[in-house]
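# Turn this into a model:
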Amino acid sequence: ALLETAIGGLTRRNLNPRDGEALYLLGLVRERQGAFAEADERFARAAWNIAWAAPSHLARARLALRAGRPRDALLLAEQASSIPEARRLAVLALRALGRDEEALSALQTLRTLDPLDAATSALAGVLGLPTDGGPADPRTTLDVAAEFARAGAFAEALAATAAPGAGADAAFGNAEPLRRVLRAAWADAAGDPDAAAAERAALAPLGLDLAFPAGLDQYDALTSAVTQGGGAPVLALRGMWLLDAARDDDALTDLAAATEGGIADPVAWRNLALAIMRTSRDTERADAAYARALELSDDGRLVFERDLLRRLAGTSAAERLALLEAHAPLLDSRDDLALAHVSLLLDADRVDDAWRILTVRTFRPFEGGEGQVIAAYDRAACAIARRLIAGGDAARAVELLQVGLVAPANLGEGRHPAVPQAERLVLLGDAFAALGDETAARRAWEDARASTPLAVAERPVDESDRFIALAHVRLGDHAAAAEVWQRLDERADELERAKDDVDYFATSLPELLVFDTDTAAARSVAADALRAAAADGRSLAREAERMEA
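Okay, here's the model as predicted:
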C-alpha cells in the first residue's frame with residue numbers, strides 16, 4: 001500500500017518517473033506474493049531509469065525462466081550481464097534451450113572469473129561439504145539453492161542441498177531443520193509431493209537447537225510447511241522469524257500453538273515469553289513460559305532473562321534472590337548473571353557474600369555495561385566501611401576505602417576518569433574525622449565535591465550526586481548543597497516528561513535485547529528515587545545546620 005501511494009505521487013504528471021526504485025520494490029513485493037505477471041510489469045517500468053535497469057532486467061529474467069520462457073530469460077539476463085546472478089540465469093536458460101555446450105562454456109567462464117563463488121560452484125555441481133573444501137557455513141548452501149529456486153530451477157536447488165552440512169562448525173548454528181523445510185517447499189513446487197512429505201517427516205525428529213531462520217525464502221518455506229501441517233517445529237521456527245521481524249502478534253500465535261502442541265524446545269518457550277511481553281506485558285504468563293524453558297534447559301541466559309522479567313514485574317529482591325539461588329551452579333557462568341546476583345545480595349544486606357564474589361571472581365564487562373561491576377564493588381565497599389565506622393574501627397575503614405580508589409584488576413576495567421567517587425570519598429572523610437584527623441577529612445570531602453576537566457560533556461545528575469551535596473554539607477557550604485538538591489528535583493521532572501528512547505551506548509546491554517525497559521513506569525521509579533535522595537539530603541543538611549548552630 002505504501003509503495004502504491006509513492007508510485008501514485010511519482011507518476012501523477014509523468015508515467016515514467018525519474019526514479020524507478022518504488023516500482024522495483026513493488027515488483028519484489030508482488031513477486032513474493034506470487035503475482036508474477038504484475039511483478040514483471042513493475043520491473044519493466046522500473047527499467048526506464050538507468051540506475052534500476054540492471055536489477056530490473058535481472059528480476060524479469062528470473063521471472064521469465066520461472067514461467068518457462070528461457071529464450072526471453074536469456075535476452076533479459078544478457079542485459080544485466082554485469083551481475084553474476086544474471087550470468088548464472090543465462091546458464092540455466094541455455095540449458096533449458098538445449099544449448100548445453102554454450103551453457104558449459106559460460107559456466108566455465110564464470111568459474112574462472114570467480115572460482116570462490118559458491119552459487120557458481122553449486123551450478124557446476126562441485127559445491128562440496130565443509131570437509132571437502134566447501135563453504136564452512138552450511139547456510140551458504142541454502143542461500144545459493146534459494147537463488148535457483150526463485151528462478152524456478154527447483155532441480156538445481158534440490159541437488160545443491162541434497163546432503164546435510166555435515167562437519168560444519170557449531171558456530172554457524174544448526175541448518176539441518178531449515179534445509180528440510182526448504183527442500184519440502186521446493187519439492188512441492190516441483191510437483192513431487194512424495195518427496196516433500198519425506199522431507200517433512202525427516203524434520204519431525206530433528207532438534208531445533210541453534211536453528212535460526214532468516215530471510216524471506218525461509219519464511220516462505222516455513223509458511224508452506226505450516227499450511228501442509230508441519231506441526232510444532234515449523235510453528236516454533238516461524239514464530240522465531242516473526243519475533244525477529246517485530247511481527248509480535250503473529251509470533252505469539254505461532255509460538256503459543258507450538259508450545260500448546262507440546263514442543264520440548266526451550267528456545268520456543270523462551271520466545272513465547274518474549275512475545276507475551278511484547279504484546280501484553282503479562283509478566284506472570286511470561287514467567288510461566290520461562291519456568292518451562294528452564295525445566296527443559298538449565299541455562300544461565302534463561303536464569304538471567306527470567307530475573308530481568310521478575311524485576312520488571314516488581315518482584316521483591318528477596319524473592320528474586322531465591323529464584324536465582326535455585327540455580328546456584330549457574331550463577332558464575334555469565335558476567336551479567338553474576339552481577340545480578342551480587343546486586344540482589346546487596347539489596348538483601350548480605351554484604352559479605354557479595355564482597356566475597358566481587359573480590360575473587362574475574363569479571364569481563366560487556367559493551368554497554370561498563371562501570372556496573374565497579375558500581376557494585378563501590379556499593380559493597382561503602383556498606384562495609386559504614387559498618388566499620390559505626391563499630392569503632394575507622395582505621396580499617398580508611399584502609400578499605402583508600403585501597404579501592406583504584407579498581408582492582410579482577411573487576412576487568414579501570415575507573416572512568418569523569419565518573420565521580422563521591423560516596424567513597426565522603427565516607428573516607430568521615431572515617432578520618434572519626435580518627436580525629438580533620439585535615440585529611442576536609443581533603444577527602446574537597447575531593448568528593450571537586451569537578452573534573454576530563455568529562456567530555458556535562459553529566460546528567462543521578463542518585464550519586466547526593467554524596468557530592470553531602471560533601472558540601474560536611475564542609476559547611478549549604479548553598480552549594482541546596483543547588484544539588486534542586487538539580488535532583490529538576491532531573492526527576494525531566495525524566496517524567498521524557499519520551500521513550502534508547503540511548504546509543506546502551507544498545508548492547510543484554511536486557512535491552514530482551515525487554516524494553518525504558519518505559520514511563522521505569523522513568524517514574526527513577527524520578528521518585530531522585531526526589532527521595534533530594535528530600536533525604538535536605539533533611540541531613542538541616543540537621544547539620546542545627547548542630548553547627
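
# If you count neighbours, what's buried in the longest helix along the chain?
Longest helix of the chain, by residue count under DSSP state H: helix 520-548. Neighbour counts over helix 520-548 (16 or more other CB atoms under 10 Å) mark 523, 527, 530-531, 533-534, 537-538, 541, 544 as buried. Every C-beta, even on glycine, is put in place using the N, C-alpha and C of the backbone.

# Would you mind checking the average pLDDT for it?
The average pLDDT for helix 520-548 rounds to 77.

# all strands for the stretch 51-200 of the chain, in order.
With DSSP state E, counting those that start in this stretch as the definition, the stretch 51-200 of the chain shows no strands.

# so where is it shaky, pLDDT-wise?
Low-confidence segments of the stretch 51-200 of the chain, defined by pLDDT under 70: 128-134, 165-170.

# can you pull out the helices in it?
70-79, 84-96, 100-113, 118-123, 138-150, 154-160, 176-189, 193-203 (DSSP state H, counting those that start in this stretch).

# list the contacts for the nearest residue to Asp248 once chain neighbours are set aside?
Spatial nearest neighbour of Asp248, excluding adjacent residues (CB to CB, 6 or more residues apart in numbering): Arg278 at 4.2 Å. Neighbouring residues of Arg278 by CB atoms under 8 Å, 6 or more residues apart in numbering: 243, 248, 251-252, 516.

# What subset of these is buried?
In these, burial by neighbour count holds for 243, 248, 251-252, counting by 16+ other CB under 10 Å.

# So which of the residues you listed is the closest to Pro266?
Nearest to Pro266, judged by CB to CB, of those is Leu243 at 15.0 Å.

# Go ahead and confirm the closest one touches Thr253.
No - with contacts counted by CB atoms under 8 Å, Leu243 stays clear of Thr253, the gap being 11.2 Å.

# What distance do you get for Ala533 to Tyr219?
Ala533 sits 50 Å away from Tyr219, going by CB to CB, to the nearest Å.

# Pull the number of nearby residues for the nearest residue to Leu113 once chain neighbours are set aside.
Sequence neighbours aside, Pro84 is the residue nearest to Leu113 in space, at 7.9 Å (criterion: CB to CB, 6+ apart). Neighbourhood size, Pro84 [other CB atoms under 10 Å]: 14.

# residues touching Pro84, list them.
Pro84 touches 110, 113-114, 117, 119-120, counting by CB under 8 Å, 6+ apart.

# Put together JSON lines for the buried residues of helix 520-548, with distance to Arg150 on each row.
Formatted as JSON lines, the buried residues of helix 520-548 follow (distance: CB to CB, whole Å):
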{"residue": "Arg523", "distance to Arg150": "47"}
{"residue": "Ala527", "distance to Arg150": "53"}
{"residue": "Leu530", "distance to Arg150": "56"}
{"residue": "Arg531", "distance to Arg150": "59"}
{"residue": "Ala533", "distance to Arg150": "60"}
{"residue": "Ala534", "distance to Arg150": "62"}
{"residue": "Gly537", "distance to Arg150": "66"}
{"residue": "Arg538", "distance to Arg150": "69"}
{"residue": "Ala541", "distance to Arg150": "72"}
{"residue": "Ala544", "distance to Arg150": "76"}
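
# about what we covered before: check which helices and strands the longest helix of the chain is in contact with.
Other helices and strands packing on helix 520-548, by 3 or more CB pairs under 8 Å, 6 or more residues apart in numbering; DSSP states H and E, are helix 465-474, helix 478-497.

# Specify the angle between it and helix 465-474 in degrees.
Taking axes from the mean of the first three to the mean of the last three CA atoms, to 10 degrees, one finds helix 520-548 and helix 465-474 inclined to each other by 10 degrees.

# Now the nearest residue to Ala433 once chain neighbours are set aside. Its backbone dihedrals?
Closest residue in space to Ala433, ignoring its immediate chain neighbours: Ala441 at 4.1 Å, by CB to CB, 6+ apart. With angles defined as degrees, to the nearest 10, Ala441 sits at phi -60, psi -50.

# which one of the buried ones among the contacts of Arg278 is nearest Ala481?
Of all the buried ones among the contacts of Arg278, Ala481 sits closest to Asp248, with 47.5 Å by CB to CB.

# was I right about that closest one contacting Arg281?
No - taking CB under 8 Å as the definition, Asp248 is not a contact partner of Arg281, at 11.3 Å.

# Identify the contacts common to those two.
With CB under 8 Å, 6+ apart, Asp248 and Arg281 have no common neighbours.

# Could you identify the most distant pair in the contacts of Pro84?
Leu113 and Ala119 (12.6 Å).

# who has more neighbours, those two?
Ala119 (22 against 11).

# And the more buried one, how close does it get to Glu85?
Ala119 is 7 Å from Glu85, by CB to CB.

# Residues in contact with both of these two, list them for me.
Glu147.

# what's the spacing between Ala225 and Arg66?
21 Å.

# More neighbours: those two, which one.
More crowded of Ala225 and Arg66, by other CB under 10 Å: Ala225, with 26 against 18.

# who's in contact with the residue nearest to that one when sequence neighbours are not counted?
Leaving aside its chain neighbours, Ala225 sits nearest to Val234 (4.1 Å; criterion: CB to CB, 6+ apart). Listed by CB under 8 Å, 6+ apart, the contact partners of Val234 are 181, 203, 222, 225-226.

# Throw those into JSON lines and include distance to Val461, thanks.
Converted to JSON lines, these look like this (distance: CB to CB, whole Å):
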{"residue": "Val181", "distance to Val461": "54"}
{"residue": "Leu203", "distance to Val461": "56"}
{"residue": "Leu222", "distance to Val461": "50"}
{"residue": "Ala225", "distance to Val461": "55"}
{"residue": "Val226", "distance to Val461": "53"}
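
# Pull the most distant pair out of those residues.
Greatest spatial distance in the contacts of Val234: Leu203 and Val226, 12.1 Å, computed using CB to CB.

# out of the two, which sits in the busier spot?
Just comparing Leu203 and Val226: by other CB under 10 Å the higher neighbour count belongs to Leu203, 23 against 17.

# can you pull the contacts of that one?
177, 180-181, 184, 225, 230, 233-234.

# Serialize the residues you listed to a markdown table and add fields for distance to Thr161.
Shown next, in a markdown table, are the contacts of Leu203 (distance: CB to CB, whole Å):
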| residue | distance to Thr161 |
| --- | --- |
| Pro177 | 13 |
| Arg180 | 9 |
| Val181 | 11 |
| Ala184 | 11 |
| Ala225 | 15 |
| Gly230 | 18 |
| Pro233 | 18 |
| Val234 | 17 |
